[in-house]
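Student: Just the structure for this:
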Amino acid sequence: MDLVTRLGLKWPLFQAPMAGVSTPEMAAAVSNAGGLGALGLGSAGVEGARAMLRQARALTERPINANVFCHAPAVRDADVEAAWLDALAPTFAGFDAKPPEALHEIYQSFAVDRAMCEMFLEEKPGVVSLHFGLPDEGWIKELQAAGNLVFASATSVAEALACQTAGVDAVVAQGIEAGGHRGAFDPDAEDAALPTLALVRLLAEAVEVPVIAAGGLMDGADVARALAAGATVAQLGTAFLDSAESAADAGYRAALRDEALRPPVLTPVLSGRPARCLQNKYVALGEQLGARLPDYPVAYDVAKALNAAAKSAGEAGFGAQWAGAGVARVRQGGAAEILQAIGAELEAASA
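Tutor: Down below sits the predicted model:
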């Protein structure tokens, strides 16, 4: 039985689990409209994630994709962290603020967070998806035994084969065009930077589990091409960034349509790991400073603090304004309306 049938979808369309942007309202609207809605829970903590899942469950009985991060724990370097804080101090001062006295590892990796796994076993979102790597294979089997499908992101054939060996139900082929964080298992390894369609073709030949296309897909014609390349389903994130249910603030929404901030660039300066972001003032600052960054997600701690200081002063250009390569085609409207439009475009492209 394929993913569309197993999940009871009208269209082979997933909304991407965008941490900090996707909301229970967005996820429920997409699932109710015939796709698979998602929540990015890697930054939420166990009880925050539980609350978001319950909020979504109050709005839909359909499956929800609960996404978590499986990164290696941060390697801390006090000298590097202090130097980065010092480098950013003048910018903080420009907003009448001071940088944090110390940085923290603000997100716990799911790979070592048994409490999060136990919460998923209790809440049964329907799908649990993994980014940056894999947890213990036993956890994957437990999640499946509790009634959840388990997906994992891959940016290469080697990663996809590792996902298949671990027993996942599907592999998310994350092309280089994708907004947000690269899902590479090892951020220090050379990245082949494969485009989505090329990666889908390779993975469809290499693995026996379904392949989910992700990265740069914005409309039904894009989805049709991904399915023709061998994907079972397509996952879209940037397409929903400016939806009514999105948690993106006004500055982020305006930046999505600012041609001066395009094309989005892949940079580690915000969080310590490569991620595709609009070319805003924080990205420019980080590249100008050129200093060694603290490890992920420690670097993100100070980035969030500087963004908060900037927003308090009325400046919106210092946030993590993640966006995929197709951002110029971003739409407005309700999440269900956007999904239905993409579905109709897919049907027309496939006719």
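
Student: What residues does residue 183 make contact with?
Tutor: Residue 183 makes contacts with 131, 132, 153, 154, 155, 159, 172, 174, as judged by C-beta atoms under 8 Å, 6 or more residues apart in numbering. Where C-beta positions appear, they are placed from N, C-alpha and C, glycine not excepted.

Student: Of the residues you listed, which belong to helices?
Tutor: Using DSSP state H to define helices, the subset of the contacts of residue 183 located there is residue 159.

Student: Among the contacts of residue 183, name the ones in strands.
Tutor: Those of the contacts of residue 183 mapping onto strands are 131, 153, 154, 172, 174, per DSSP state E.

Student: Show me which pair in these is furthest apart.
Tutor: Pairwise distances across those (C-beta to C-beta) peak at 10.2 Å, for the pair 131 and 154.

Student: Can you give me the buried ones in stretch 141-148?
Tutor: Within stretch 141-148, the residues that count as buried by 16 or more other C-beta atoms under 10 Å are 142, 143, 148.

Student: Pick the one among the residues you listed closest to residue 99.
Tutor: The nearest member of these to residue 99, counting by C-beta to C-beta, is residue 143 at 39.2 Å.

Student: Surely that closest one is in contact with residue 151?
Tutor: No. Judged on C-beta atoms under 8 Å, residue 143 makes no contact with residue 151 at a distance of 10.7 Å.

Student: Could you tell me which residues touch both of these two?
Tutor: Contacts common to residue 143 and residue 151, judged by C-beta under 8 Å, 6+ apart, are residue 128.

Student: quick one, phi/psi of residue 266?
Tutor: Residue 266 adopts backbone torsions of phi -90, psi 120, taken as degrees, to the nearest 10.

Student: contacting residues around it?
Tutor: By C-beta under 8 Å, 6+ apart, the residues touching residue 266 are 176, 182, 274, 275, 276.

Student: Residue 189 versus the third one, what's the distance?
Tutor: So that's residue 274. 11 Å (C-beta to C-beta, to the nearest Å).

Student: more neighbours, the two?
Tutor: residue 274 (20 against 12; other C-beta atoms under 10 Å).

Student: Now do the same for the more buried one: its pLDDT.
Tutor: The model reports residue 274 with a pLDDT of 96.

Student: Find the nearest non-adjacent residue to it, please.
Tutor: Nearest residue to residue 274, sequence neighbours excluded (C-beta to C-beta, 6 or more residues apart in numbering): residue 182, at 4.6 Å.
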